[in-house]
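Peer 1: My questions are about this predicted structure, shown below with the sequence.
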Amino acid sequence: MKGKYVKARTGRERVVIVGGSLAAARTIQGLRAEGYAGPITLISDETHEPYDRPPLSKDILTGVEDWSRYALLTPEELQDNMLELRLGERATGLDLARRTVYAGANEYDFNYLVIATGSRARQIPNARGLGGVYTIRSREDSEAVRSALRRHSEVLVVGFGFIGCEVAASARRLGLDVTVVDSSPEPYAQFGREFSSRLLKIHRDNGVRLLLGRRVSRFLGRGDVEEVELDDGTRLSVPLVVVGVGSQPNQEWLRGSGLTVSDGVETDSTLLAAPGIFAAGDIASWPNQIFGRRMRVEHWTNASEQGRLVARNIVGYDQRQAYRGIPYFWSDQHGYRIQFMGDLTAFDSALWFRKSGDEVSAVGIFGKSGGVVGVAGINSIRHVMSLRRFIQSKSSWYSAEETLRGLAEASGYAQDGASQPASI
Amino acid sequence: MRVQVDREKCIGNGMCAALAPKYFDIDNEGNLIILSEALDRGDEADVESAIVSCPVGAIRILEN
């Protein structure tokens, strides 16, 4: 998409960033690194300066509650006198023609706009109003759960996604009795038994009780939750529930703006949604040339890299670069490092190697139409990182397999199961 | 210019090893090995990618 930016009515150049988390922080850091010294306004509905979210389900729950450790911008970066933080303000609308963001009664004119409003945790409607039922997305959520985990001796986790997994692991580390409920009878089976069986084993070996293929039908209690009823009639007596059932993009404020918003804000390959308007992070839907499809990725690395690239694309607007990110995320559970790299939504082959004498450590590659689309691993950090280049370069499956065999032989890994076609 | 890692912050994520393999290596358990502290001219982009990709912001480039 071509487009020259238009100077705002005030005549002064300004970058406005809506959103106050990782993508926003990286945009600010990137703009200054690229030499942009002009005004930047950040509008965020949170009351804190940008902070990091991965610790919310891990270190904050189990360790020392030191929020300064998780600040995304240093005191020096915040002391920027051309940086204005409008915290506790929620954006309510965007006027493309006037190049203005509305936040309640306030209006912010921009030359460049960065939409980085991220995503929020899905709520379970029938728990509304009951105390003791939490999602974890914000600092406030994490503080509340941290405190609750120290007041109670048992917790029910709803959802065996990575938030649920991490909360379960954190709660076990604190010595609580932990039950996890998930509607899938075989969570993560889509990545192959080699992965799903290991993940279930990690949790069961660490004392997590898994109730799979079941849903919560009712929350019961007066004021605070006391019992949870499942769809098979099971009743669990629990004083504390943490819900991790997915997330959704914070895009409602853009309704009627004229931008294409369906599953996130649609951009071109350079993260441009409209002339002078970019999107970055969880909310950005962009055509990823590496995988030949549009995607929206809610991982940390994506927000970090996209925020940085948007800054470069603002300063070098006429030479914008495409974002060619390889989706990646990691999760720490019961002392194990789980990693996923690439696009694992569709693959036709998978090959796993496991560490000999170790029931859990393993690494796998995923292929599609003769090329490599993904890598996954448990406690196999070096192998996972060594195999990343095969995704990027669209190398043949055969060359990746050869490399993996070599890595395996040199490190005491043996092939796990047969290389079977996987179905999605 | 040199590359510095805050060892206390490092969680052994390892993306630095994928993006700037001349400077960083990692083992399967997540122990980081710094291969070279001196930053050679031309390598700035790779190390900057590593800095952006580090989930705990443990990597910095410093003047000598």
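Peer 2: Received the coordinates, thanks.

Peer 1: so what's residue B:53 up against?
Peer 2: A:301, A:304-305, B:15-16, B:19 (C-beta atoms under 8 Å, 6 or more residues apart in numbering or on different chains). Backbone N, C-alpha and C define where each C-beta goes, glycine included.

Peer 1: Buried subset of these as a ChimeraX selection?
Peer 2: Provided next is the ChimeraX selection string for whichever of the contacts of residue B:53 are buried by 16 or more other C-beta atoms under 10 Å in any protein chain shown:
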select /A:301,304,305 /B:15,16,19
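
Peer 1: Can you tell me which of the contacts of residue B:53 is nearest residue B:61?
Peer 2: The nearest member of these to residue B:61, counting by C-beta to C-beta, is residue B:16 at 12.4 Å.

Peer 1: host element of the closest one?
Peer 2: Secondary structure from DSSP states H and E places residue B:16 in helix B:15-19.

Peer 1: What is that helix packed up against?
Peer 2: helix A:381-392, strand B:24-26, helix B:44-53 (3 or more C-beta pairs under 8 Å, 6 or more residues apart in numbering or on different chains; DSSP states H and E).

Peer 1: Let's have those in JSON lines, adding distance to residue A:358.
Peer 2: Listed next are the helices and strands packed on helix B:15-19 as JSON lines, based on distance: least, C-beta to C-beta, whole Å:
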{"stretch": "helix A:381-392", "distance to residue A:358": "13"}
{"stretch": "strand B:24-26", "distance to residue A:358": "18"}
{"stretch": "helix B:44-53", "distance to residue A:358": "28"}
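
Peer 1: Give me whichever of the ones you listed is most buried.
Peer 2: helix A:381-392 (a mean of 23; mean count of other C-beta atoms under 10 Å in any protein chain shown).

Peer 1: Give me the distance between the helix or strand following that one and the centre of its chain.
Peer 2: In the C-terminal direction, the helix or strand that comes right after helix A:381-392 (DSSP H and E) is helix A:397-411. In terms of C-alpha atoms, centre = their mean, to the nearest Å, the gap separating the centre of helix A:397-411 from the centre of its chain is 30 Å.

Peer 1: relative orientation of helix A:397-411 and helix A:381-392 in degrees?
Peer 2: 170 degrees (axes from the mean of the first three to the mean of the last three C-alpha atoms, to 10 degrees).

Peer 1: for helix A:397-411, what is the average pLDDT?
Peer 2: Helix A:397-411 shows a mean pLDDT of 96 in the predicted model.

Peer 1: What helices and strands are in contact with that helix?
Peer 2: Helix A:397-411 packs on strand A:349-355, strand A:362-368, strand A:371-378, helix A:381-392, strand A:413-416, going by 3+ C-beta pairs under 8 Å, 6+ apart.

Peer 1: Dump those to JSON lines, plus distance to chain B.
Peer 2: Output for these, formatted as JSON lines (distance: least, C-beta to the nearest C-beta, whole Å):
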{"stretch": "strand A:349-355", "distance to chain B": "8"}
{"stretch": "strand A:362-368", "distance to chain B": "9"}
{"stretch": "strand A:371-378", "distance to chain B": "8"}
{"stretch": "helix A:381-392", "distance to chain B": "4"}
{"stretch": "strand A:413-416", "distance to chain B": "9"}
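
Peer 1: among these, which is nearest residue A:238?
Peer 2: Taking the helices and strands packed on helix A:397-411 one by one with C-beta to C-beta, strand A:371-378 is closest: 29.2 Å.

Peer 1: and that closest one, what other elements does it pack with?
Peer 2: helix A:193-205, strand A:336-342, strand A:362-368, helix A:381-392, helix A:397-411.

Peer 1: In JSON lines: these, plus distance to residue B:55.
Peer 2: Shown next, in JSON lines, are those (distance: least, C-beta to C-beta, whole Å):
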{"stretch": "helix A:193-205", "distance to residue B:55": "21"}
{"stretch": "strand A:336-342", "distance to residue B:55": "12"}
{"stretch": "strand A:362-368", "distance to residue B:55": "20"}
{"stretch": "helix A:381-392", "distance to residue B:55": "13"}
{"stretch": "helix A:397-411", "distance to residue B:55": "24"}
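
Peer 1: Go through these and name the closest to residue A:118.
Peer 2: strand A:336-342 (20.0 Å).

Peer 1: Could you pull up the mean pLDDT of the closest one?
Peer 2: On average, strand A:336-342 scores 97.

Peer 1: Does residue A:254 touch residue A:92 like I think?
Peer 2: No: assessed by C-beta atoms under 8 Å, residue A:254 is found out of contact with residue A:92, at 10.1 Å.

Peer 1: who's more crowded, these two?
Peer 2: Counted by other C-beta atoms under 10 Å in any protein chain shown, residue A:254 and residue A:92 do not tie: residue A:254 has more neighbours, with 23 against 14.

Peer 1: low-scoring stretches of chain A, by residue?
Peer 2: Within chain A, the ranges that satisfy pLDDT under 70 run A:1-12, A:394, A:418-424.

Peer 1: Show me how it divides into domains.
Peer 2: Here the domain parsing of chain A from automatic domain parsing is A:4-120+A:248-319, A:123-245, A:335-418.

Peer 1: Now do residue A:274 against chain B, distance only.
Peer 2: Taking C-beta to the nearest C-beta, to the nearest Å as the measure, residue A:274 and chain B are separated by 25 Å.

Peer 1: Kindly indicate which of the contacts of residue B:53 lies nearest residue A:344.
Peer 2: Of the contacts of residue B:53, the one sitting nearest to residue A:344 (C-beta to C-beta) turns out to be residue A:301, at 15.0 Å.

Peer 1: mind listing what that closest one touches?
Peer 2: A:325, A:327-329, B:15, B:53, B:55.

Peer 1: For it, identify the helix or strand it belongs to.
Peer 2: Here residue A:301 is assigned to helix A:300-315, by DSSP H and E.

Peer 1: where does chain B come near chain A, residue by residue?
Peer 2: For chain B, the residues in contact with chain A (C-beta under 8 Å from any C-beta of the partner chain) are B:11-15, B:17-18, B:25-30, B:49, B:52-53, B:55, B:57.

Peer 1: Kindly recompute the last result at 6 Å.
Peer 2: Proximity of chain B to chain A (C-beta under 6 Å from any C-beta of the partner chain) is limited to residues B:13-14, B:17-18, B:26-28, B:30, B:52-53, B:55.

Peer 1: Now distance to residue A:144 and pLDDT too, for the residues you listed, in TSV please.
Peer 2: Shown next, in TSV, are those (distance: C-beta to C-beta, whole Å; pLDDT from 0 to 100):
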residue	distance to residue A:144	pLDDT
B:13	28	97
B:14	32	98
B:17	37	98
B:18	36	97
B:26	35	97
B:27	37	97
B:28	36	96
B:30	30	96
B:52	31	92
B:53	31	94
B:55	24	95
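
Peer 1: Can you tell me which of the residues you listed is closest to residue A:371?
Peer 2: Among the residues of chain B next to chain A, and counting by C-beta to C-beta, the member closest to residue A:371 is residue B:18, at 18.2 Å.
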